[in-house]
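# quick one: sequence plus predicted model below, questions after.
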Amino acid sequence: MKRPALLLALLLLLSACGAPAGSEKDDGGQPGGSGNPPITDTGSGSGASSTTNSGDGSSGDSQNNNEQNNTQTGGQQDNVQTSGSTSSSGTAGTGSGSGTTNTGSADTGSGSGTTNTGSADTGSGSGTGSVPVYVAGLTPDPGATDGGTSGESMIWFFKDGTLTLRGSGELMDDPRGSDYIFGPWRHLRLQVTRLVVEEGITKLDKQTFAGYTELREVVLPASLRTIDDACFSRCTKLERVQFSEGLAEMGEFVFYQCDALKEIALPNSLRTLGNNAFAQSGVQKVTLGAGLEKMGSTVFQECKALTDVVFTGGNLAGFEFGLFLNCSSLQRVRMPRELSVYNDKAFNGCPDNVTLEYIDGPLMQVLLKLYPHRNWVPVQ
């Protein structure tokens, strides 16, 4: 009788426990529980998996509603998008992005890469492309392939063989403290074929373009007042210089050994021409402006091809020693209307039959008597 009673007790116990756990799911979609719905974090990661992770995660690919060690940290994210295999829809106050394309935006952040279209209240972006703006209000021409600044008010840029200086004032002094400047464009000295100095620039410093052996043409503005010593010396292919009225002073050796330079017309505004300014150049014909007051010695020394020189003014103080020293092809010099000082050694090494055209005056009468061997020819 004990066994039936035992079986009955067992049946009663099973009945009290109810049905076994089945396949019911709660509203959260998790078997037998009320768990949260899956959270997909589309932040950056280094892997390609799509694991759903509702807790802490250290994997760069994990989707995470807390912190990620290998993705973006520093709190919640503010639409910062990076170059990982996923994207982020979180929010962040601080974030950064890098890669081939960065289109994120951040309150504080930065982006770098080939293309960077990110925007930020405080941030930066870098990439490849055209020459950027260097000085406020000054921009290089489209298509420029190189450029930079010279001082605080000038830019320079290089395009298709032309070097352009744009801005105002004088060129920046040499940062090393020397008394001449080679310019920040010096690495282009064998590529520049044309130089354009734009309106606003007032001075070209010493040796700025010395040794630019491919330079063929120079265009100068009316704002330019001074060309300093040896500025274009040894520019052996320089053929043409376009001066403007406004230039007042040229230093020493400015066009020294410019072999291809054939004809020069100096502006009426020029007052001073330094020693050896055109020495050993290839110049053949020179016209000097009416405002010229002072010339140094040996200005045209050993210009072997020089044949014709015309002084259009009458304010020149005098001819210095060796002005035309060894100009073996010289044929004609049109003298200034008035000349207070004359040094016959100005013509040392020149042919004896050089025609010296003059306008009659008291000094010229003296010169005719002192130097009768010269080929003096009066003109009106």
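Received, thanks. Numbers count the residues shown, from 1 in each chain.
# now the strands for the stretch 151-300 of the chain?
154-159, 162-167, 169-170, 194-197, 201-204, 217-219, 226-227, 240-242, 249-250, 263-265, 272-273, 285-288, 294-295 (DSSP state E, counting those that start in this stretch).
# show the contacting residues for the spatially closest residue to residue 311 that is not a sequence neighbour.
Spatial nearest neighbour of residue 311, excluding adjacent residues (C-beta to C-beta, 6 or more residues apart in numbering): residue 336 at 4.3 Å. Every residue, glycine included, has its C-beta placed from N, CA and C. With contact set as C-beta atoms under 8 Å, 6 or more residues apart in numbering, residue 336 has these partners: 311, 313-316.
# do the same with residue 169
With contacts defined as C-beta under 8 Å, 6+ apart, the neighbours of residue 169 are 151, 153-154, 200-203.
# for stretch 294-312, buried residues please.
Along stretch 294-312, these residues count as buried under the neighbour rule (16 or more other C-beta atoms under 10 Å): 295-303, 305-306, 308-309, 311-312.
# closest to residue 265 among those residues?
For residue 265, the nearest member of the buried residues of stretch 294-312 is residue 312. The distance, counting by C-beta to C-beta, is 9.6 Å.
# wait, that closest one sits on residue 291?
No. If you go by C-beta atoms under 8 Å, residue 312 and residue 291 don't touch, sitting 9.3 Å apart.
# give me the common contacts of the two.
Shared contacts of residue 312 and residue 291, defined by C-beta under 8 Å, 6+ apart, comprise residue 268.
# who are the contact partners of the closest residue to residue 370 other than its chain neighbours?
Here the nearest residue to residue 370 in space, its sequence neighbours aside, is residue 344; by C-beta to C-beta, 6+ apart that works out to 7.7 Å. Counting by C-beta under 8 Å, 6+ apart, residue 344 makes contact with 370-371, 374.
# same thing with residue 272?
With contacts taken as C-beta under 8 Å, 6+ apart, residue 272 has the following neighbours: 248-250, 292-295.
# do that again at 7 Å, thanks
Taking C-beta atoms under 7 Å, 6 or more residues apart in numbering, we find residue 272 in contact with 249-250, 293-294.
# ok, residue 311 next?
Residue 311 is in contact with 288, 334-336, counting by C-beta under 7 Å, 6+ apart.
# out of those, what pair is the most spread apart?
Spatial extent of the contacts of residue 311 (C-beta to C-beta) is set by the pair 288 and 335 at 11.1 Å.
# quick check: domain ranges of this structure?
Listed domain ranges for the chain are 136-229, 262-380 (source: automatic domain parsing).
# could you export these as JSON lines, including distance to residue 243 and mean pLDDT?
Written out in JSON lines, the entries for the domains of the chain read as follows (distance: least, C-beta to C-beta, whole Å; pLDDT from 0 to 100):
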{"stretch": "domain 136-229", "distance to residue 243": "6", "mean pLDDT": "88"}
{"stretch": "domain 262-380", "distance to residue 243": "5", "mean pLDDT": "93"}
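# mind putting the ones you listed in JSON lines, distance to residue 256 included?
Written out in JSON lines, the entries for the domains of the chain read as follows (distance: least, C-beta to C-beta, whole Å):
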{"stretch": "domain 136-229", "distance to residue 256": "9"}
{"stretch": "domain 262-380", "distance to residue 256": "5"}
